[in-house]
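**Q** sequence? don't have it. structure:
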């Protein structure tokens, strides 16, 4: 049962990570510009939304990494 929960959490974290990475702005701007991430980015570095998006991406990446390690320990 714990393995099923971990697999489910891993799949959800993977899907959320894909969405978050696609929201990041690249060289030419990304999907985050649609939600106000591009306004003033050239004037003051990165906006609050982009910093929060970065933080959320790091948290989801950590959750994904922990679930991968947990699954390898459970199944290995």
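**A** Nice, I can see it. Source: prediction; values computed, not measured. Numbering: from 1, shown residues only.
**Q** what residue lies at the spatial centre of the protein?
**A** residue 57 (2.8 Å; CA atoms, centre = their mean).
**Q** Report the separation between that one and residue 18.
**A** Computed as CB to CB, to the nearest Å, the residue 57 to residue 18 distance reads 11 Å. Yep, even glycine has a C-beta here, placed from its N, CA and C like the rest.
**Q** which residues in the chain form helices?
**A** 2-23, 41-44, 48-75 (DSSP state H).
**Q** Model confidence for residue 23, exactly?
**A** You'll see residue 23 listed with a pLDDT of 89.
**Q** circling back to that earlier point, next, the contact list for the nearest residue to the residue nearest to the centre of the chain once chain neighbours are set aside, please.
**A** Nearest in space to residue 57, with sequence neighbours left out and distances taken as CB to CB, 6 or more residues apart in numbering, is residue 20 at 4.5 Å. By CB atoms under 8 Å, 6 or more residues apart in numbering, residue 20 lies in contact with 53, 56-57, 60.
**Q** By mean pLDDT, which helix or strand of this protein comes out lowest?
**A** Lowest on mean pLDDT, DSSP states H and E among the helices and strands of the chain sits helix 41-44, with a mean of 53.
**Q** how about low-confidence regions in the protein?
**A** Scanning the chain for pLDDT under 70 picks out 27-46.
**Q** rerun that using 80 as the cut-off
**A** Within the chain, the stretches with pLDDT under 80 are 25-46.
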